[in-house]
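S.K.: coordinates for the following, if possible.
(chains A and B)
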Number of protein chains: 2
Amino acid sequence: VEELSMNFTERLVEIQSERRSLLCIGLDTDPRRLPPHLGTGHSAVLEFNRRIIESTRDLVCAYKLNLAFYEALGSEGWSVLRKTRTLIPHNILAIADGKRGDIGNTAERYAFSLFDDLGFDAITVNPLMGFDSVEPFLTHSSKGVFILTLTSNPGSKDFQQLRVGRRALYEKIAASAAKWNSVGSIGLVVGATRPRELKKIRSIAPGMPILIPGVGTQGGDLKAAIRYGCDKKGFLALINASRSVLYASLDSDFASVARGEATSLRNQIESHRSTYYNS
Amino acid sequence: VEELSMNFTERLVEIQSERRSLLCIGLDTDPRRLPPHLGTGHSAVLEFNRRIIESTRDLVCAYKLNLAFYEALGSEGWSVLRKTRTLIPHNILAIADGKRGDIGNTAERYAFSLFDDLGFDAITVNPLMGFDSVEPFLTHSSKGVFILTLTSNPGSKDFQQLRVGRRALYEKIAASAAKWNSVGSIGLVVGATRPRELKKIRSIAPGMPILIPGVGTQGGDLKAAIRYGCDKKGFLALINASRSVLYASLDSDFASVARGEATSLRNQIESHRSTYYNS
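M.R.: Below is the predicted model of the structure:
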């Protein structure tokens, strides 16, 4: 009962502190990259996800499911997505990463699908269409809404880093998101490849969750992500790794090798946290 | 064979001129808004789409399927989407409106799903993440990629209309899209509620397709959309209407009432075209 009355930000702190982990594993599961003994169809994807979740669930605070990889499975994809979501224990957050964004009546349908029908705890949203495209996702204060702010890819310079007046667009997005955060459910997405900018964004939004992809294959700076991404108490940064964990081995031992990678990442995160924070 | 070697822009002009229509009907089919005699499940949605397509297909150049409405149907949604796409004749464009946008390896999965697996002729893309998030959609020159430029909703002022240097962000997006358009497959999305800005955007991208939603329920200006949205010869504007056509009647005559609405819109478009263009 207690938990239902908490907003998303409070839930995230509680889960991160109870589980002693800021690690989020991204289930960007690609059937072309599975260990060959699993096969290549949609049931192989589900079996792979099951083994990864069973073998890493004591190490994480969240799993993030990249919707593109499920849609690419065809008509069975949505059902693999739904089944994978049910494999994630209730005390771990399930994030749907689809970067949705559309006018109000359409955003309302995405909110219904991802929050109500599939039961995700949080989603990612693209804010380009402005407040009324984000508002339909704010109806449940316990459900998180991570707004793309500054992404990890080279193209983030094309628009996100342009100057609007005295600030960059990504700073304006962060400030708007903070202003819209009336129920404590909004977070930001900031790539680990941009530590200086992450520091600036944390100062604009001192108490908001920040989802930080890009520490694995994309080569982001983990130490800086912890130093600048956490709040004052050392929480609220969600460090996401996907490919570097999932595809660490193609052999039948893939799940335990993934566990090894996840353990190492979690331990590095905790070590950096103990350097910068007293929690 | 001829058609396969045409790029998307050339295909669109050919289809619009052969069919004498710039009208696109948006299949934002909501099971809660169907005529009661059809029922409310996913098979009712498919039946509704079938009747609407059969009754309007000689009046349009394209249908646009809003992916949110199919995802909200649950595990069967993707299959209703696929079946609806197969109901659209080959000489009419099928547009998947999902406003996707993500890093390269993820965008590549969206491209596979929408272009290769489902066989859509064009999609909508959110450009906030920059060029490398758009690039994976440019691999087939015959498949269209409509980039969100200036949308019809109130929130377009939050970021799209901000000034970056001497221009607004939406002008910068249009100029970037024009620069990226090496294979003739990129178009823009510009709401019909912004005629002055549409004129500016057409001057930045004189030869690119522009998808123009917002003439029906959202109250956009159809005459201005034709005057400023078309190229010099009176083509390349795609005028989209969704709710005002789909839900014009809740009775068993819904398909013929929708046809009446679509006929009226098509005729108004042709009348404005004959005022402004000699084609």
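S.K.: low-confidence stretches in chain A?
M.R.: For chain A, the stretches flagged by pLDDT under 70 are A:1-4, A:279.
S.K.: give me that answer again for 80
M.R.: For chain A, applying pLDDT under 80 flags the ranges A:1-4, A:216-220, A:279.
S.K.: any idea where the strands of it begin and end?
M.R.: Listed in chain order, the strands found in chain A under DSSP state E are A:23-27, A:62-66, A:93-100, A:122-125, A:144-150, A:163-164, A:167-168, A:186-190, A:210-212, A:237-241.
S.K.: is chain B within reach of the first one?
M.R.: No - using CB under 8 Å from any CB of the partner chain, strand A:23-27 stays clear of chain B, coming no nearer than 10.2 Å. Just so you know, the C-beta spots here come from the backbone N, C-alpha and C atoms, and that holds for glycine as well.
S.K.: in chain A, which helix has the most residues?
M.R.: The longest helix of chain A (DSSP state H) is helix A:254-276.
S.K.: thinking again about what came up before, any chance of the strands of chain A in a markdown table with mean neighbour count as columns?
M.R.: Shown next, in a markdown table, are the strands of chain A (neighbours: other CB atoms under 10 Å in any protein chain shown):
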| stretch | mean neighbour count |
| --- | --- |
| strand A:23-27 | 25 |
| strand A:62-66 | 25 |
| strand A:93-100 | 26 |
| strand A:122-125 | 26 |
| strand A:144-150 | 27 |
| strand A:163-164 | 16 |
| strand A:167-168 | 16 |
| strand A:186-190 | 28 |
| strand A:210-212 | 27 |
| strand A:237-241 | 28 |
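S.K.: what parts of the stretch 101-250 of chain A come near chain B?
M.R.: Applying CB under 8 Å from any CB, we find that the stretch 101-250 of chain A lies next to chain B at A:101-107, A:109-110, A:112-113, A:117, A:126-134, A:148, A:151-160, A:162-165, A:169, A:172-173, A:176.
S.K.: give me the subset of these that lies in helices.
M.R.: Cross-referencing these against helices under DSSP H gives A:104-107, A:109-110, A:131-134, A:169, A:172-173, A:176.
S.K.: buried ones among the residues you listed?
M.R.: Neighbour counting with 16 or more other CB atoms under 10 Å in any protein chain shown marks A:105-107, A:109-110, A:131-134, A:169, A:172-173, A:176 as buried within those.
S.K.: of these, which is the nearest to A:Val60?
M.R.: A:Val60 has its nearest neighbour among those in A:Tyr110, at 25.1 Å by CB to CB.
S.K.: who's in contact with that closest one?
M.R.: Applying CB atoms under 8 Å, 6 or more residues apart in numbering or on different chains to A:Tyr110 gives the contacts A:98, A:100, A:102, A:123, A:136-137, B:68, B:71-72.
S.K.: could you do A:Thr29 as well?
M.R.: A:45, A:48-49, A:69, A:246.
S.K.: indicate which one of the strands of chain A is closest to B:Ser252.
M.R.: Of all these, strand A:93-100 comes closest under CB to CB, at 34.9 Å.
S.K.: phi, psi of the residue of chain A most remote from its centre?
M.R.: The C-alpha centroid of chain A is most remote from A:Gly165, which lies 30.1 Å away (CA atoms, centre = their mean). The phi/psi pair for A:Gly165 (degrees, to the nearest 10) reads phi 70, psi -130.
S.K.: what of A:Leu236?
M.R.: With angles defined as degrees, to the nearest 10, A:Leu236 sits at phi 80, psi -10.
S.K.: mind listing what the closest residue to it other than its chain neighbours touches?
M.R.: Leaving out its chain neighbours, the residue that sits closest to A:Leu236 by CB to CB, 6 or more residues apart in numbering or on different chains is A:Pro209, at 5.0 Å. For A:Pro209, the contacting residues are A:8-9, A:12, A:144, A:146, A:187-188, A:236-238, by CB under 8 Å, 6+ apart.
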